[in-house]
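Undergrad: Sequence first, then the predicted structure:
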Number of protein chains: 2
Amino acid sequence: MFEFGEERFFTSAITVDNVIFGFDDGEIKILLIKRGTTPFKGKWALPGDFAHPDEDLDFASARVLKELTGLSNVYLEQVQSFGHPNRHPDGRVITVAYFSLIKISDFALQASGWASGAQWMSLKDIPELAFDHNEILDACFSKLQRRVRVQPIGFELLPPKFTLTDLQQLYHAILLPPPDKSIDKRNFRKKILAMDLLIDLNELQEGVAHRPAKLYRFDPSKYRKLVESGFSFEV
Amino acid sequence: MFEFGEERFFTSAITVDNVIFGFDDGEIKILLIKRGTTPFKGKWALPGDFAHPDEDLDFASARVLKELTGLSNVYLEQVQSFGHPNRHPDGRVITVAYFSLIKISDFALQASGWASGAQWMSLKDIPELAFDHNEILDACFSKLQRRVRVQPIGFELLPPKFTLTDLQQLYHAILLPPPDKSIDKRNFRKKILAMDLLIDLNELQEGVAHRPAKLYRFDPSKYRKLVESGFSFEV
């Protein structure tokens, strides 16, 4: 079965790690777990697990997400693999990093054996994480920053009905523009509305102190038409 | 050292596979090897190898490239990991796919123990490859198509001095536009020159049958300035 000596390479383990992004209170948040087992017991970490022998990588990542959040059918994208020889104290462990985007309003934490606690943390308050998870988080957030400019995935983070201000605040929270490059409200609205991706629901916000704003919904079929006609999403 | 039962996960192997792109004769070419060992002995495949116990993934990929081509310091980018449980007949093998861009003019094949033959093949003539390598090639080519539109990496495939026609043919070969969306020569030149990334060498082509065209060189420092001033590369 093996070429001579090849079996010495079959001593590694594969894990998946998920950077789960949410948007709440004008901020990007990440769902972290407190590790219940060694190594790094008690440290905050990205949710992840060993890929089981019969699991494809995407499947393993979706399983971790489902076990922790109860959610399936969410946006999940493979970002990068990390394989420094010393990244895991138990041996050679390659991890495949994914990010997912969830609507915090849909979210209910599941009781899960492998995490003694789970918590949303603001991007700006991320502590030192287990393993190389800070580096993984940085890589996934950079990917999200690039991705939202060219694909309308930001909507995955918003509730189904949102205002244009919600959308602008979301982009602000992801792109983190320096003060002199802040997103211009009027240009942003013009750009978004010109792509004709939103459905005006003819509804207004309720229960707000200020003048209620119009509510919109994102229409994926309009996006498909935009792409088919040779135009592209760009913010 | 291990949590109970964890050692059962340390039975996988990690490989790297390289999609090596070149540009020649108006076409994108890929460097393939003929496998000299089982499995898939005698089949064409992407060059790759097991990651050694002390190697980071990027390092392993660079080593494979160096062993095969003699080249280092070339553009090398991790694209995606492939981990279907049945993708390798010898056991669980996760492969991390990279693409690299080389100037075919720089290239000289190295004698290499693990490949009984190596050959550039046109993208349109790719045979059925070993393992899931056709799928890996497709993923890497799609990534290249997206990447060249937003980053000036295409220049890695051209000789140091090139004409605007060379550059346009390169973009045509990568983007493969349908006939009705073919790259417009005049617009393309205008767009490229407007970004001010090229140095006019004040030299003309030599030994060509048609009227010799001007030669240019790409200037990476001009690109850095473009990015710093808030503009972006876009073709």
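TA: Right, received. Where do you want to start? Just so it is clear, the structure is predicted and the values come from calculations on it, not from any experiment.
Undergrad: Using CSV, list the CA coordinates for the lengthiest strand in chain A.
TA: Criterion DSSP state E: the longest strand present in chain A is strand A:13-24. Taking C-alpha atoms only, strand A:13-24 is exported to CSV below (Å, rounded to 0.1, in the frame of the first residue of the first chain):
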residue,chain,number,x,y,z
ALA,A,13,-3.9,15.5,12.8
ILE,A,14,-6.3,17.8,11.0
THR,A,15,-8.5,20.3,12.8
VAL,A,16,-10.9,23.0,11.6
ASP,A,17,-11.3,26.3,13.4
ASN,A,18,-14.2,28.7,12.8
VAL,A,19,-14.1,32.5,13.1
ILE,A,20,-17.8,33.2,13.6
PHE,A,21,-18.7,36.8,12.9
GLY,A,22,-21.7,38.6,14.1
PHE,A,23,-22.8,42.3,14.0
ASP,A,24,-24.5,43.9,17.1
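Undergrad: Now do the closest residue to residue A:131 other than its chain neighbours: how many residues are near it, please.
TA: Excluding its sequence neighbours, the residue lying closest to residue A:131 (C-beta to C-beta, 6 or more residues apart in numbering or on different chains) is residue A:87, at 6.0 Å. Using the backbone N, CA and C atoms, a C-beta is placed for each residue, glycine as well. Residue A:87 has 17 neighbours, counted by other C-beta atoms under 10 Å in any protein chain shown.
Undergrad: which residues touch residue A:87?
TA: A:93, A:95, A:131, A:132 (C-beta atoms under 8 Å, 6 or more residues apart in numbering or on different chains).
Undergrad: for the third one, helix, strand, or coil?
TA: Think residue A:131. Under DSSP: H, G, I helix; E, B strand; the rest coil, residue A:131 falls in the coil class.
Undergrad: count of neighbours near it?
TA: 23.
Undergrad: Same question for the last one.
TA: Here the count is done by other C-beta under 10 Å, and residue A:132 has 20 residues near it.
Undergrad: Touching stretch A:25-43 from outside, list them.
TA: A:19-23, A:44-47, A:68-69, A:88-90, A:104, A:112-124, A:126, A:128-131, A:137, A:141, A:169, A:172-174, B:3.
Undergrad: In it, which residues are buried?
TA: A:27, A:28, A:29, A:30, A:31, A:32, A:33, A:34, A:35, A:40, A:43 (16 or more other C-beta atoms under 10 Å in any protein chain shown).
Undergrad: Among the contacts of residue A:87, which one sits closest to residue B:81?
TA: residue A:95 (9.7 Å; C-beta to C-beta).
Undergrad: Confirm that that closest one lies within a strand, as I assumed.
TA: Yes - with three-state DSSP as the criterion, residue A:95 is located in a strand.
Undergrad: any chance of the buried residues of stretch A:25-43 in a markdown table, with pLDDT too?
TA: A markdown table is the format used below for the buried residues of stretch A:25-43 (pLDDT from 0 to 100):
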| residue | pLDDT |
| --- | --- |
| A:27 | 95 |
| A:28 | 97 |
| A:29 | 96 |
| A:30 | 97 |
| A:31 | 95 |
| A:32 | 95 |
| A:33 | 93 |
| A:34 | 92 |
| A:35 | 91 |
| A:40 | 94 |
| A:43 | 95 |
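Undergrad: now the contacts of residue A:87 as CSV including pLDDT?
TA: Converted to CSV, these look like this (pLDDT from 0 to 100):
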residue, pLDDT
A:93, 96
A:95, 98
A:131, 97
A:132, 98
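Undergrad: Out of these, flag the one nearest to residue A:231.
TA: Nearest member of the contacts of residue A:87 to residue A:231, counting by C-beta to C-beta, is residue A:95, at 37.2 Å.
Undergrad: Is the helix or strand bottoming out on mean pLDDT in chain A in proximity to chain B?
TA: Ranked by mean pLDDT, DSSP states H and E, the weakest helix or strand in chain A is strand A:115-122, scoring a mean of 82. No - remark: strand A:115-122 sits outside contact range of chain B, by C-beta under 8 Å from any C-beta of the partner chain, the gap being at least 13.9 Å.
Undergrad: name the helices or strands packed onto the helix or strand following that strand?
TA: Later in the chain than strand A:115-122, the nearest helix or strand by DSSP states H and E is helix A:133-150. Using 3 or more C-beta pairs under 8 Å, 6 or more residues apart in numbering or on different chains; DSSP states H and E as the contact test, the elements touching helix A:133-150 are strand A:13-24, strand A:75-82, strand A:93-101, helix A:164-175.
Undergrad: any chance of those in CSV, with distance to chain B too?
TA: Formatted as CSV, those follow (distance: least, C-beta to the nearest C-beta, whole Å):
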stretch, distance to chain B
strand A:13-24, 4
strand A:75-82, 5
strand A:93-101, 5
helix A:164-175, 13
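Undergrad: Look up how far residue B:11 lies from residue A:165.
TA: Separation of residue A:165 from residue B:11 (C-beta to C-beta, to the nearest Å): 52 Å.
Undergrad: Kindly report the same for residue A:107.
TA: 35 Å.
Undergrad: what about these two, which has more around it?
TA: Neighbours per residue (other C-beta under 10 Å) separate residue A:107 from residue B:11, with residue A:107 holding more: 17 against 14.
Undergrad: So the more buried one sits against residue A:20, correct?
TA: No - with contact defined as C-beta atoms under 8 Å, residue A:107 does not reach residue A:20; the gap is 9.2 Å.
Undergrad: Common neighbours of the two, please.
TA: residue A:69.
Undergrad: Which residues are in contact with residue A:60?
TA: A:16, A:49, A:50, A:51, A:52 are the contacts of residue A:60 under C-beta under 8 Å, 6+ apart.
Undergrad: Then residue A:199?
TA: Residue A:199 neighbours (C-beta under 8 Å, 6+ apart): A:216, A:217, A:218, A:219, A:222.
Undergrad: Buried only: go through those residues for me.
TA: For the contacts of residue A:199, buried by 16+ other C-beta under 10 Å: A:216, A:217, A:218.
Undergrad: SS state for the first one?
TA: Reducing the assignment to helix, strand or coil with three-state DSSP, the entry for residue A:216 is strand.
Undergrad: beta partners of it?
TA: residue A:162, residue A:200 (DSSP bridges).
Undergrad: That one against residue A:198, yeah?
TA: Yes - using C-beta under 8 Å, residue A:216 makes contact with residue A:198 at a distance of 4.3 Å.
Undergrad: quick check, stretch A:179-188 touching chain B?
TA: Yes - residues of stretch A:179-188 contacting chain B under C-beta under 8 Å from any C-beta: residue A:181.
Undergrad: one step back: identify, from the buried ones among the contacts of residue A:199, the entry nearest to chain B.
TA: residue A:218 (22.2 Å; C-beta to the nearest C-beta).
Undergrad: And the pLDDT at that closest one?
TA: In this model, residue A:218 is scored at 96, pLDDT.
Undergrad: Give me the distance between the closest residue in space to it that isn't next to it in sequence and residue A:176.
TA: Nearest residue to residue A:218 in three dimensions, chain neighbours excluded: residue A:155, at 4.0 Å (C-beta to C-beta, 6+ apart). Going from residue A:155 to residue A:176 by C-beta to C-beta gives 19 Å.
Undergrad: who has more neighbours, these two?
TA: residue A:155 (23 against 13).
Undergrad: pretty sure that one contacts residue A:222?
TA: No - with contact defined as C-beta under 8 Å, residue A:155 does not reach residue A:222; the gap is 11.6 Å.
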